[in-house]
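In: Turn this into a structure:
(one chain, ligands or ions: 2)
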Amino acid sequence: MDWQTSEDTVPSAFITEASRRALRGTPPTTGAWREGDDPGERRFVDLGPLELESGRSLPHVRLAYESWGELAPDHSNVVLVPHALTGDSHLMGPPGSGHATAGWWGGIVGPGLAIDTDRWFVLAPNVLGGCQGSTGPASFSPDGSEWGSRFPYLTIRDQVAAQRMLADALGIVRFAAVIGGSMGGMHALEWAVEHPDRVARVGVLAAPAFSNADQLALNSVQIEAIRMDPLFREGDYYDEPEGPYRGLALARRMALLNYRSPDELNARFERSWQGTLDPLGHGGRFAVESYLDFHGNKFTRRFDANSYIALVEAMNSHDVTRGRGPLAETLARVTATCLVLGIDSDRLFPVETQHLLSAHLPRTIHGSEAVVISSPFGHDSFLIEDDLVSPHLAELLAS
Ligand SMILES: CC(=O)SCCNC(=O)CCNC(=O)[C@H](O)C(C)(C)COP(=O)(O)OP(=O)(O)OC[C@H]1O[C@@H](n2cnc3c(N)ncnc32)[C@H](O)[C@@H]1OP(=O)(O)O
Ligand SMILES: N[C@@H](CCO)C(=O)O
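Out: Ligands and ions are numbered 1, 2, ... in the order given. Take a look at the predicted model:
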């Protein structure tokens, strides 16, 4: 494919009039999972009001979720899998589905896989604040228009509170495991700390005990990239023909640099040039630029800018110690058996942050140091390196 002339140079829209209508057409509440439902079908549960950590509240919360496997009669086999920043509830496709529809953890979750759906009932909600069916900034507020700039600030704890409401609505008293990577790992850790009696096992992959100054800084420039796009209009762009696609695409480009490693980019793209002329500034672009452009612009077709800001801010809020005391004291509350996994090339959440977490958790399957996998793919390795991640998840679930 000729990347130079492909559509990826032109940011396209997530929220246009058409996609806005599609959002409005999101199926109404279809209720909770019932025996006999098709696996992987997206469902929606209306959970009522939620008081937020900030003191504000959402008068109405809806979560979208998908599930796979068979629910045990006593509901004892449920594994909750919260997704990473831009993931969604679709972590696994139907049996035999190809790569494109297999879902973001299609190589990890499934019959006979590490999270074996022949044994476990896997529950994957879309996060509160997201844009894939759960209540978020693009949802309608009580006055009938999108929340937009009025959508309240959310924390990781607020998102876990919504997940707890979902668990209550589905009659799940205690999870056999809560497992997540990156932002999903933050959720898993919060479950272990806030609801120790409701979680038997916890898997935290490529996530820290708190977001540090370096991570806050990396996130802040992404947020600013969106806010400075004139089409952002302080977050109230839903009635406009164009949204802040350039800002959002730039934020995704920046994020990708945190998600992948220098070694991977250097080995994969070298100084390759894509275009008709020589690499002196005209007639093309470097392959790595094309890669970033492609992903930045592809992202605008599946994500809402306000949602992105809300979720990045939630990641910024992450600090298990807030209001709870020193880290050792906070993590001493955890009763679950834990897996903490880091990636040696992760420059977003370096392995030291997982070692720190692991050192203070009372019961891990691997001792005081986190498990570290070796991969060139950086932070995204937990989404890519199925063969390296799987044995550790299988061990956690067998514990
Ligand atoms: C429909 C959806 O997109 S649902 C996605 C839901 N979101 C998530 O799951 C979030 C988590 N997932 C992710 O972040 C990513 O999808 C990941 C990490 C899993 C992707 O990892 P990888 O498989 O390593 O993909 P990689 O970064 O190499 O990108 C591959 C793409 O870049 C394109 N590409 C590669 N090199 C170039 C280049 N020089 N110029 C332009 N495009 C390029 C490829 O053609 C490919 O395109 P495709 O996505 O249309 O198949
Ligand atoms: N690439 C992943 C990882 C973020 O932690 C995502 O976009 O969700």
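In: next helix or strand past the lowest-mean-pLDDT helix or strand in the chain?
Out: Least confident helix or strand of the chain, by mean pLDDT, DSSP states H and E, is helix 17-24 with a mean of 39. Of the helices and strands lying after helix 17-24 in sequence (DSSP states H and E), the nearest is strand 43-51.
In: and that next one, which residues are buried?
Out: Neighbour-count burial for strand 43-51, counted by 16 or more other Cβ atoms under 10 Å, picks out 43-45, 47, 50. Yep, even glycine has a C-beta here, placed from its N, CA and C like the rest.
In: Let me have those residues in CSV, extended by distance to Glu190 and pLDDT.
Out: Listed next are the buried residues of strand 43-51 as CSV, based on distance: Cβ to Cβ, whole Å; pLDDT from 0 to 100:
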residue, distance to Glu190, pLDDT
Arg43, 24, 92
Phe44, 23, 94
Val45, 20, 96
Leu47, 17, 97
Leu50, 15, 98
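In: wait, Trp344 sits on Val351?
Out: To be clear, residue 344 is Asp; Trp isn't right here. Yes. Applying Cβ atoms under 8 Å, one finds Asp344 in contact with Val351, separated by 6.1 Å.
In: out of these two, which sits in the more crowded spot?
Out: It is Val351, of Asp344 and Val351, that has more neighbours when counted by other Cβ atoms under 10 Å, with 21 against 14.
In: and the gap between that one and Leu357?
Out: From Val351 over to Leu357 the distance is 10 Å, taken as Cβ to Cβ, to the nearest Å.
In: Pass me the low-pLDDT residue ranges in this protein, would you?
Out: Residues of the chain meeting the criterion pLDDT under 70: 1-39, 94-101, 276-282.
In: Quick check: next helix or strand after the longest strand along it?
Out: Taking DSSP state E as the criterion, the chain has its longest strand at strand 57-68. Next in sequence after strand 57-68, counting helices and strands by DSSP H and E, comes strand 78-80.
In: do the helix or strand following that following strand and ligand 1 meet at all?
Out: Using DSSP H and E, the helix or strand that follows strand 78-80 in sequence is strand 109-110. No. Shown here: strand 109-110 not in contact with ligand 1 (Cβ under 6 Å from any ligand atom), separated by at least 12.6 Å.
In: Give me the contacts around strand 109-110.
Out: With Cβ atoms under 8 Å, 6 or more residues apart in numbering as the test, strand 109-110 has contacts from 68, 81, 91-92, 95, 103, 115-117, 122.
In: That one pairs with which strands?
Out: Strand 109-110 has its sheet partners listed here by DSSP bridges as strand 115-116 (parallel).
In: ok, now how distant is the residue lying closest to Leu383 once chain neighbours are set aside from Val221?
Out: Leaving aside its sequence neighbours, Leu383 sits nearest to Trp104 (Cβ to Cβ, 6 or more residues apart in numbering; 6.1 Å). As judged by Cβ to Cβ, Trp104 and Val221 stand 25 Å apart.
In: Between these two, which is the more surrounded one?
Out: Trp104 (21 against 12).
In: list the contacts for that one?
Out: 83-84, 87-88, 90-91, 383.
In: And for Val389?
Out: By Cβ under 8 Å, 6+ apart, the contact set of Val389 is 108, 114, 205, 341, 373, 381-382.
In: hmm, 10 Å instead?
Out: Contact partners of Val389, counting by Cβ atoms under 10 Å, 6 or more residues apart in numbering, are 105, 107-108, 114, 181, 203, 205-206, 341, 343, 371, 373, 375, 381-383.
In: May I have the secondary structure class of the nearest residue to Pro262 once chain neighbours are set aside?
Out: Spatial nearest neighbour of Pro262, chain neighbours left out: Arg347 (7.9 Å); criterion: Cβ to Cβ, 6+ apart. Using DSSP: H, G, I helix; E, B strand; the rest coil, the secondary structure recorded for Arg347 is coil.
In: which residues sit in contact with Arg347?
Out: Contact analysis of Arg347 by Cβ under 10 Å, 6+ apart lists 214, 218, 257-262, 378-379.
In: One more: Ala192?
Out: By Cβ under 10 Å, 6+ apart, the neighbours of Ala192 are 178, 198-199, 201-204, 320, 331, 333-338, 361.
In: Which member of the residues you listed is positioned nearest Ala167?
Out: Of all these, Arg198 has the smallest distance to Ala167: 7.3 Å, by Cβ to Cβ.
In: ok, now which ones touch the nearest residue to the closest one once chain neighbours are set aside?
Out: Spatial nearest neighbour of Arg198, excluding adjacent residues (Cβ to Cβ, 6+ apart): Arg174 at 5.1 Å. Arg174 is in contact with 74-76, 78, 167, 195, 197-200, counting by Cβ under 10 Å, 6+ apart.
In: Output the set of residues of the stretch 151-300 of the chain in proximity to ligand 1.
Out: So far as Cβ under 6 Å from any ligand atom goes, the stretch 151-300 of the chain lies against ligand 1 at 287, 290-291, 294.
In: Reformat those residues into a markdown table and put distance to ligand 2, secondary structure and neighbour count next to each item.
Out: Below are those laid out as a markdown table (distance: Cβ to the nearest ligand atom, whole Å; DSSP: H, G, I helix; E, B strand; the rest coil; neighbours: other Cβ atoms under 10 Å):
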| residue | distance to ligand 2 | secondary structure | neighbour count |
| --- | --- | --- | --- |
| Ala287 | 20 | helix | 18 |
| Ser290 | 19 | helix | 21 |
| Tyr291 | 14 | helix | 20 |
| Phe294 | 14 | helix | 18 |
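In: Going by distance to Tyr153, which of these wins?
Out: Looking across those and measuring by Cβ to Cβ, the closest to Tyr153 is Phe294, at 31.7 Å.
In: residue boundaries of the strands in the protein?
Out: Going by DSSP E, the chain shows strands at 43-51, 57-68, 78-80, 109-110, 115-116, 121-125, 177-181, 201-205, 273-275, 284-286, 337-343, 371-373.
In: how about a markdown table for those strands, with distance to Gly148 added?
Out: Below are those laid out as a markdown table (distance: least, Cβ to Cβ, whole Å):
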| stretch | distance to Gly148 |
| --- | --- |
| strand 43-51 | 19 |
| strand 57-68 | 14 |
| strand 78-80 | 30 |
| strand 109-110 | 34 |
| strand 115-116 | 37 |
| strand 121-125 | 23 |
| strand 177-181 | 28 |
| strand 201-205 | 33 |
| strand 273-275 | 38 |
| strand 284-286 | 34 |
| strand 337-343 | 36 |
| strand 371-373 | 40 |
